[in-house]
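*Asks:* return atomic coordinates for the entry below.
(one chain, ligands or ions: 4)
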Amino acid sequence: MPCSASSARLLPVCRLQLSPPPARLRSPPPFPSASAASLSRPLPSPAANPRRTREESRMAATSAPQANGNGSAAGVGAPTNPMATALLTDQYQFSMAYAYWKAGKHADRAVFDLYFRKNPFGGEFTVFAGLEECIKFIANFKFTEHDISFLQSVMPMCEGAFFDYLREVDCSDVEVYSIHEGSVVFPKVPLMRVEGPVAVVQLLETPFVNLINYASLVTTNAARHRHVAGKSKVLLEFGLRRAQGPDGAISASKYCFMGGFDATSNVLAGNLFGIPLRGTHSHAFVSSYMSLDEIPDKALRSKDGSRVCQDFVSLVQEWLQKIQVADSLGGVFGYTNQSELAAFASYALAFPSNFLALVDTYDVMRSGIPNFCAVALALHDLGYKASGIRLDSGDLAYLSIEARKVFCAVEKEFNVPGFAKMVITASNDLNEETIDALNKQGHEVDAFGIGTYLVTCYSQAALGCVFKLVEINSKPRIKLSEDVAKVSIPCKKRCFRLYGKEGYPLVDIMIRESESSPKAGERILCRHPFIESKRAYVVPQHVEELLQCYWPGRSDKPRAELPSLDKIRNRCMQQLEKLRPDHIRRLNPTPYKVSVSAKLYDFIHCLWLNEAPVGELQ
Ligand SMILES: Nc1ncnc2c1ncn2[C@@H]1O[C@H](COP(=O)(O)OP(=O)(O)OP(=O)(O)O)[C@@H](O)[C@H]1O
Ligand SMILES: O=P(O)(O)OC[C@H]1O[C@H](OP(=O)(O)OP(=O)(O)O)[C@H](O)[C@@H]1O
Ligand SMILES: O=C(O)c1cccnc1
Ligand SMILES: [Mg+2]
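*Replies:* Numbering: from 1, shown residues only. Ligands and ions are numbered 1, 2, ... in the order given. Model (predicted):
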């Protein structure tokens, strides 16, 4: 607890014994939960400063300068991060491009699959994100003269004509087929299939994997936090200060919103993507005040404008006295910290319609809560409705329950309808586990502010997406490994999600491009790609083709539109709701089935035998 020279005056003194102080993190006494209405309260309108709607943000991005005509023609705009340019790749991609070129192989038609091998966070689902940024990346893919000079300087061994070739390279002959962004996805199924001249697609490997990896990881993390918190809670992303640099922070804000968060504290993300902005205030604001004398203008006009209270601070003090002597509050509130009261009163004068106080700077129950109630009741006299409190330390279950008890008592004692439903926001190193623990203990938190664990994906550092060659010049290719999980699934494939009678997805199936699609009502054999004994007949009620054309290159396929962030978020929410609950539960979730057709199964194993040299025992 912070302490100043004048601590004797500042420290709250407890007159009567409060309910026993909690042993750290012990289970609290039970208390009825807040009504549904308090939990489903709509988000207050976003920050008052001019901000773009999500649609305007998209339009602005769409009109961003284009590096080449192709991107412009596609009208998809520039990547969010201006560092996402053609040089943002690993050096070995250029080495390979040169070797392909030297061998006259650079224009060979290659097909690569982008997929991951294992769901993150010990779960059995992943949310796919980052597609829009990949499409923006290829729409703008072009080497500038500056890039070419740099490449010449670092690859002096390469023939000059190679750089003339690079000057002409763009993604106009590349095709990208992708699962819709925001979809729930599973290991081994291609999230994207990228086709094109092998040298060019090879250059795309690193940036594509980079743009998908963290995006999908953090979206999944956000979706997991949403799942554990439940639909009715407000989730605020507070990670900017803790994220891995500005790009990590901006990406986190965008993708946490996609994964089900309601708002962010990150102002630039609000501006770029139209994500609702939310925020409270910090401890510094509270501790910057020393006394009530620091408030020069104490006047506050009533909400309806009909009258002016000349001394709002005195009104607050009157209310504090009433709280201190109120019988129904059990006379538990003694002397509160007056510098905290000054900070709250001052904040209320600045934001009378959105008053929210951080109540844990000195002592939550002995000072923060009564001071908050005094200011909130004074605001109520003038027709305003306070928003609530934020708890940022201590036992959040216990404190939220105790705070709610006080709000209920105040509502009754002073006949202030709605006071009991004051929003309680909690923050402080929250994550899936702590929210789960709070749920198990019982709590009265309405909104969670989550930073570090969410945006750094603390419990898993990377998703581990890979980009593997599956076909070249129409010849299927395979990558073998001692570890079966790492053997790639060859061939240009089409992928389908088969839904069962109850509307849940049953299994994803990959088939060779030449095979006919699975059809609703028709029985199909689904085989585990590598384990012979694992197979099942499925009669789907509904069949969904997963890979859609998002970048047609020179083909005449229609291009799927990139949806708005809101639409992607809705897709994510809906897909998670459609998934069988045992696939998303936290403890021992059931793996979702991923399969191949009988033909593809046979082909994989035939190619495997062909490519694997037969060992010889001596
Ligand atoms: N009832 C609870 N059950 C489980 N975990 C909780 C509960 N209440 C709080 N926590 C978590 O316990 C941890 C408390 O951390 P710590 O002891 O460092 O913080 P504090 O002392 O309360 O706050 P600070 O150090 O910021 O003053 C946080 O991660 C918080 O989210
Ligand atoms: O805890 P996180 O999930 O990362 O959420 C963000 C945190 O950032 C702020 O305080 P900060 O951590 O900067 O200071 P504090 O811990 O001393 O409050 C805020 O009060 C949260 O506690
Ligand atoms: O607005 C807040 O309360 C906030 C924002 C960022 C980090 N911690 C808290
Ligand atoms: Mg902290």
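
*Asks:* residue contacts, the closest residue to residue 124 other than its chain neighbours?
*Replies:* Nearest non-adjacent residue to residue 124, counting by Cβ to Cβ, 6 or more residues apart in numbering: residue 589, 4.0 Å away. Bear in mind the C-beta positions are built from the backbone N, C-alpha and C, glycine included. Taking Cβ atoms under 8 Å, 6 or more residues apart in numbering, we find residue 589 in contact with 123-125, 582-583.

*Asks:* can you tell me the SS state at residue 589?
*Replies:* Classification of residue 589 using DSSP: H, G, I helix; E, B strand; the rest coil returns coil.

*Asks:* could you report the neighbour count for the residue in the stretch 201-350 of the chain that ligand 1 sits nearest to?
*Replies:* Nearest residue of the stretch 201-350 of the chain to ligand 1, counting by Cβ to the nearest ligand atom: residue 283, 9.1 Å away. Neighbour count of residue 283, defined by other Cβ atoms under 10 Å: 15.

*Asks:* what's the closest non-adjacent residue to it?
*Replies:* With sequence-adjacent residues excluded and distances taken as Cβ to Cβ, 6+ apart, residue 283 is closest to residue 361, at 5.1 Å.

*Asks:* pull the distance from stretch 212-224 to the chain's centre.
*Replies:* Taking Cα atoms, centre = their mean, to the nearest Å, the mean C-alpha location of stretch 212-224 is offset from the chain mean by 6 Å.

*Asks:* with just CA atoms, put that stretch into PDB.
*Replies:* Provided in PDB are the C-alpha atoms of stretch 212-224 (Å, rounded to 0.1, in the frame of the first residue of the first chain):
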ATOM      1  CA  ILE A 212      -1.100 -16.100 -40.200                       C
ATOM      2  CA  ASN A 213       0.800 -17.400 -37.200                       C
ATOM      3  CA  TYR A 214       0.400 -14.800 -34.600                       C
ATOM      4  CA  ALA A 215      -3.000 -13.600 -36.000                       C
ATOM      5  CA  SER A 216      -4.500 -17.100 -35.600                       C
ATOM      6  CA  LEU A 217      -2.800 -17.700 -32.300                       C
ATOM      7  CA  VAL A 218      -4.000 -14.500 -30.600                       C
ATOM      8  CA  THR A 219      -7.500 -14.800 -32.100                       C
ATOM      9  CA  THR A 220      -7.700 -18.300 -30.700                       C
ATOM     10  CA  ASN A 221      -6.400 -17.000 -27.300                       C
ATOM     11  CA  ALA A 222      -9.100 -14.300 -27.400                       C
ATOM     12  CA  ALA A 223     -11.800 -16.800 -28.300                       C
ATOM     13  CA  ARG A 224     -10.700 -19.100 -25.400                       C
END
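
*Asks:* that stretch vs ligand 2: in contact?
*Replies:* No. Applying Cβ under 6 Å from any ligand atom, one finds stretch 212-224 separated from ligand 2 by no less than 12.4 Å.

*Asks:* what's the helix or strand for residue 93?
*Replies:* Assessed by DSSP states H and E, residue 93 sits inside helix 91-102.

*Asks:* what does that helix rub up against?
*Replies:* Outside of helix 91-102, the residues that reach it under the criterion Cβ under 8 Å, 6+ apart are 106, 108, 151, 154-155, 158-159, 162, 165-166, 198-200, 202-203, 205-206.

*Asks:* can you narrow these to ones near ligand 2?
*Replies:* Filtering the contacts of helix 91-102 for proximity to ligand 2 by Cβ under 6 Å from any ligand atom leaves nothing.

*Asks:* show me which of those are buried.
*Replies:* Using 16 or more other Cβ atoms under 10 Å as the burial test, those include 106, 151, 155, 158, 162, 165-166, 198-200, 202-203, 205-206 as buried.

*Asks:* which residues touch the closest residue to ligand 2 within the chain?
*Replies:* Closest contact between the chain and ligand 2, by Cβ to the nearest ligand atom, is at residue 451 (2.8 Å). Residues in contact with residue 451 (Cβ under 8 Å, 6+ apart) are 237-242, 427.

*Asks:* quick check: the two most widely separated of these?
*Replies:* 240 and 427 (13.3 Å; Cβ to Cβ).

*Asks:* and the gap between residue 252 and residue 276?
*Replies:* In this view, residue 252 and residue 276 are 15 Å apart by Cβ to Cβ, to the nearest Å.

*Asks:* of those two, who's got more company?
*Replies:* Between residue 252 and residue 276, counted using other Cβ under 10 Å, residue 252 has the larger neighbour count: 31 against 18.

*Asks:* touching, that one and residue 218? I think so.
*Replies:* Yes. Contact between residue 252 and residue 218 holds when scored by Cβ atoms under 8 Å: they sit 5.4 Å apart.

*Asks:* the longest helix belonging to the chain near ligand 1 anywhere?
*Replies:* With secondary structure taken from DSSP state H, the chain has its longest helix at helix 198-229. No. Helix 198-229 lies out of reach of ligand 1 by Cβ under 6 Å from any ligand atom, never closer than 12.7 Å.

*Asks:* after that helix, which helix or strand is next?
*Replies:* Remark: after helix 198-229, the chain's next helix or strand is strand 234-237, criterion DSSP H and E.

*Asks:* could you export the buried ones among the contacts of helix 91-102 as JSON lines, including pLDDT?
*Replies:* Shown next, in JSON lines, are the buried ones among the contacts of helix 91-102 (pLDDT from 0 to 100):
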{"residue": "106", "pLDDT": "98"}
{"residue": "151", "pLDDT": "98"}
{"residue": "155", "pLDDT": "98"}
{"residue": "158", "pLDDT": "98"}
{"residue": "162", "pLDDT": "98"}
{"residue": "165", "pLDDT": "98"}
{"residue": "166", "pLDDT": "98"}
{"residue": "198", "pLDDT": "98"}
{"residue": "199", "pLDDT": "98"}
{"residue": "200", "pLDDT": "98"}
{"residue": "202", "pLDDT": "98"}
{"residue": "203", "pLDDT": "98"}
{"residue": "205", "pLDDT": "98"}
{"residue": "206", "pLDDT": "98"}
